[in-house]
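Student: pasting the sequence and the predicted model now:
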Amino acid sequence: MGFFKSFFRELKYYPSAIVGSLIILGLLVLSIYTVISIPYSKAIVLWRGSSELWYKNPKTAPPAWTNYFRTKKLPETIDLDSRQEGVAERAEKPLGKGKQIDLEFQFDYTADEFPDDVVLYFYPSYGEKKPFVTGKWITPDGREIRLGNFTTERGYSFRFTQDQSLERRLKRLLKMELPAEMGLFADPATLPEDPEAPKDQVKPLKGRYTVHLTVTTFAPEDEIDAELLVYGKVHGIAGTDHLRRDLKIGLLWGIPVAMAFGLISALVIGLATMIIAAFGVWYGGVVDDLIQRLTEINMVLPFLPILIMVGIFISRSLWTIMLVTIALSIFGGSIKSYRAMFLQLRAAPYIEAAQAYGASNRRIIFLYLIPRILPMLIPGFISAIPSFVFLEASLAVLGIGDPVLPTWGKIIQDAQANAALYKGLFYWILEPSVLLMVTGLGFALLGFALDRVFNPRLRQE
Amino acid sequence: MVPSADVQDYALVVEDLVLYFRLTHGVVQAVDHVSFALKKNRAVVVIGESGCGKTSMGRALTRLLPRNVDRYTGKVFIDGVETMALDDETYRQDVRWIKISQVPQAAMNALNPVLKLKDQVMEPLLLHEKGISTETALERVHEVFDFVGVPDGFIERYPFELSGGMRQRVVIAMALITNPAVIVLDEPTSALDVLTQANIYNVLKRIKWEKGTSFVLITHDVATSSELADDVLVMYAGHMMEYSSAEEFFVEPLHPYAKMLMAAVPKLHGDEELQFIPGKPPSLLSPPTGCRFADRCPMATDQCKIEPPTFRLGDRLVKCWLYEKEADEIVSSPEALAGVSS
């Protein structure tokens, strides 16, 4: 224990160690939080991304905080659901055999840009005949725009941008051809004289909008609820991807995956390599020769092509890939450098003394040889972790990432596959990249400081 | 070969011990047919020039062999047990540190730098007395530290915190902790100043008197080692040239090589000029046939072209043709040895 105390006391003098440790600690805390709050099974379901899960999110929306850096604020998604208390005004009166239900949604629109889309989702319950809906759109300046008439069934949604009659009506009203999401929000004062003029000078009208739905049901026990979604152009703290998935899930789950991959690979490879090198040096002869030749053969084997072949022919599971990575790296170049250290150590008088007083071979290897070079291994081990984190990400970008788990590499690959940079969706690539860089930085800072602590030649006096 | 009957009376009996090393360009005959017997509670000093096989003989006794052993034969009885018949694992468990322990040549570096002294000294006990409790072991550590004169507070220290003399004492304590019958000391004081040397020898003497341990002391410091010596074994080019009791040897060595070696030792009184032995020991890769010292021997005759057998004169053994007539008997002849070992 005294060793650890003095070790931490020493580490205190290296600011890089403190920064690095804080980053790593933060990542660890986030991983634990992620694994507890979004359990593995839930994460997989979320990331598989069926449309019922994510229909409330806009597509490829940057994070909401980017608005702080914009002069024209982008809208956030407005979600009004009549099933929730106090969201919609509701009035009912009997009408014929059934009843008439009036639903009124009101919302304030303050953004400087038009929304992405406007959709009404209906949740009716009915007997024989489907309820009949008439809707109207009331702008802040009091204009009324008829939305149309439609019968609703279960799971029916009215997508404003895909309704051609609404588009025709808007063209008649505004004397200009505009898509529905623009036409409904357009400020008449900014409409140009010339209908052929570019549309980008049209500005949205800020203020309180009202959507009024009149539903006619044909049985007294029939009910209906509706949800109005005005899709924004920014979302959450991480934004969304092309499948409306919240990137937050992927980024958060990327942390434990990356940490597990990096830590397990680095630890197993480091220890196994060292133990094998120690055995080879101690027993010498055929054992040593075998290990050395195996290492040399392994070193000329092409690492990446083998991994890609495994990914294609056997399994792309993260754990399979990790296993293959470990198997291919154990007999790596570091066996040679450990061997050099052990050879020097084997000749040390105290090792021979240990042999003389009857210490067994295994005792000498595990209690005399390995503890002696373990301090030299620790900085290298810490610095090796990010390289495995990067390896996992690179493999995912190359298309042999785990098909079910959300990882940083897979987010980058999705972004690349959907031409994120071409479309200007920089956040999509930058978020996982920054996390990768921060992880690498954290371990590198700690590794450098540890190197200075453990390696007397680098020590500052 | 053994002067008198029963191996049980002796701490160490060596019969026809051979240790050859294999190099790329030949075989080094480091220990060549050495036979002697050491009584209980006595110390034998092995003297000779560098490269004469002294250390190799020590290693052959403790079986700490390098990988390139060419031939390792003979019989070694330690405390009555024939150890050459045992396999390596049995030897490790039952002989090392139980029957014979060793203070290595570089005793200064023989301590593991990452272990505290108590853990280091305890190690042989934990290895050989299965199931011993740490408390009992610690008690024994205190005991041996007290015995060799290491202050009690040192047990919590690391080796680098100690002076050379103290480290040497710790290594001796470690050799002592299991009460072996024989301790092999390989130049235990070579890196120490004379005062510390004297202290260490006093410790060794005390061990001999109080614990009844036998020593094999390998050194080229004839003068200092005479303090402890009961017997003297002279090695030259892998051969044992003479084996005598110390009283007789220091008065008058028999073998010409031993005579010249003693003449080269400085004396406190007297004006005699220091002598030296011209030439150098032969290469052990291709030693000369016949007496290996013949080239440098002022008394060499034609007879020396044939290898002399070991003659016994009373209790003394000598391998020189000069004593052919006085000898009581021939203990061994090269022919006989060759017949035995082949």
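Tutor: Structure's in. What do you need? Numbering: from 1, shown residues only, chains lettered A, B, ... in the order given.
Student: any idea how far the residue nearest to B:Thr301 when sequence neighbours are not counted is from A:Ala353?
Tutor: In this structure, B:Thr301 finds its nearest non-sequential neighbour in B:Trp321, 7.0 Å apart by Cβ to Cβ, 6 or more residues apart in numbering or on different chains. Placement of C-beta: from N, CA and C, glycine included. Computed as Cβ to Cβ, to the nearest Å, the B:Trp321 to A:Ala353 distance reads 42 Å.
Student: between the two, who's got more neighbours?
Tutor: Ranked by neighbour count (other Cβ atoms under 10 Å in any protein chain shown), B:Trp321 and A:Ala353 place A:Ala353 first, with 27 against 21.
Student: does that one touch B:Ala175 like I think?
Tutor: No: A:Ala353 is beyond contact range of B:Ala175, at 9.5 Å (criterion: Cβ atoms under 8 Å).
Student: shouldn't B:Asp70 be within a strand?
Tutor: Yes: counting by DSSP: H, G, I helix; E, B strand; the rest coil, B:Asp70 is found in a strand.
Student: contacts only, for it.
Tutor: Counting by Cβ atoms under 8 Å, 6 or more residues apart in numbering or on different chains, B:Asp70 touches B:Tyr20, B:Phe21, B:Arg22, B:Val27, B:Val28.
Student: can you tell me the centre-most residue of chain B?
Tutor: Among the residues of chain B, the one closest to the centroid is B:Val216, at 3.8 Å (Cα atoms, centre = their mean).
Student: name the nearest residue to it, sequence neighbours excluded.
Tutor: Excluding its sequence neighbours, the residue lying closest to B:Val216 (Cβ to Cβ, 6+ apart) is B:Val184, at 4.6 Å.
Student: parallel or antiparallel, which strands does whatever helix or strand that neighbour lives in pair with?
Tutor: Per DSSP states H and E, B:Val184 falls inside strand B:182-186. When sheet partners are counted by DSSP bridges, strand B:182-186 sits next to strand B:100-103 (parallel), strand B:214-218 (parallel).
Student: avg pLDDT for stretch A:425-440?
Tutor: Throughout stretch A:425-440, pLDDT has a mean value of 93.
Student: remind me, longest strand of chain A?
Tutor: If you go by DSSP state E, chain A has its longest strand at strand A:98-109.
Student: quick one: pLDDT of A:Leu446?
Tutor: A:Leu446 carries a pLDDT value of 90.
Student: count of residues packed around it?
Tutor: A:Leu446 has 25 neighbours, counted by other Cβ under 10 Å.
Student: so the residue nearest to B:Thr301 makes contact with B:Phe293?
Tutor: No: counting by Cβ under 8 Å, B:Phe293 is not a contact partner of B:Trp321; they are 11.1 Å apart.
Student: now do the contacts for the closest residue to B:Ser56 other than its chain neighbours.
Tutor: Spatial nearest neighbour of B:Ser56, excluding adjacent residues (Cβ to Cβ, 6+ apart): B:Ala30 at 3.8 Å. B:Ala30 is in contact with B:Leu19, B:Tyr20, B:Phe21, B:Gly53, B:Ser56, B:Met57, B:Gly238, B:Leu284, counting by Cβ under 8 Å, 6+ apart.
Student: can I take it that B:Ala30 is in a strand?
Tutor: Yes: under three-state DSSP, B:Ala30 sits within a strand.
Student: what helix or strand does A:Ala111 sit in?
Tutor: If you go by DSSP H and E, A:Ala111 is not part of any helix or strand.
Student: so who does it touch?
Tutor: Residues counted as contacts of A:Ala111 (Cβ under 8 Å, 6+ apart) are A:Lys73, A:Leu74, A:Pro75, A:Glu76, A:Pro204, A:Lys206, A:Gly232, A:Lys233.
Student: over to B:Leu313?
Tutor: Contact analysis of B:Leu313 by Cβ under 8 Å, 6+ apart lists B:Leu254, B:Tyr323, B:Glu326, B:Ala327, B:Asp328.
Student: hmm, 10 Å instead?
Tutor: B:Leu313 sits next to B:Ser244, B:Glu248, B:Leu254, B:Tyr323, B:Glu326, B:Ala327, B:Asp328, B:Glu329 when contact means Cβ atoms under 10 Å, 6 or more residues apart in numbering or on different chains.
Student: now for the helix or strand hosting A:Ile36, which elements pack on it?
Tutor: Using DSSP H and E, A:Ile36 falls within helix A:15-37. If you count contacts as 3 or more Cβ pairs under 10 Å, 6 or more residues apart in numbering or on different chains; DSSP states H and E, helix A:15-37 packs onto helix A:2-11, helix A:40-48, helix A:247-283, helix A:370-395, helix A:426-454.
Student: mean pLDDT lowest where, among these?
Tutor: Mean pLDDT is lowest for helix A:2-11 out of those, coming in at a mean of 71.
Student: what pLDDT does the residue of chain B most remote from its centre get?
Tutor: Most distant residue from the mean C-alpha position of chain B: B:Glu135, 34.0 Å away (Cα atoms, centre = their mean). As predicted, B:Glu135 sits at a pLDDT of 90.
Student: a helix runs through it, doesn't it?
Tutor: Yes: according to three-state DSSP, B:Glu135 belongs to a helix.
Student: how near is it to B:Arg42?
Tutor: According to Cβ to Cβ, B:Glu135 and B:Arg42 sit 35 Å apart.
Student: for chain B, which helix is longest?
Tutor: Under DSSP state H, the helix in chain B containing the largest number of residues is helix B:194-211.
Student: before we move on, back to that, following the longest strand of chain A, which helix or strand comes up?
Tutor: Later in the chain than strand A:98-109, the nearest helix or strand by DSSP H and E is strand A:117-125.
Student: could you list the low-pLDDT ranges of the chain?
Tutor: By default, I'm working from chain A. A:1-4, A:456-461 (pLDDT under 70).
Student: oops, I was thinking of chain B
Tutor: Looking at chain B by pLDDT under 70, you get B:1-6, B:107-108, B:332-342.
Student: which residues of it fall in strands?
Tutor: Secondary structure of chain B by DSSP E: the strands cover B:10-23, B:26-39, B:43-47, B:69-78, B:81-82, B:100-103, B:182-186, B:214-218, B:231-236, B:239-245, B:310-313, B:316-318, B:329-332.
Student: nice, that's everything, thank you.
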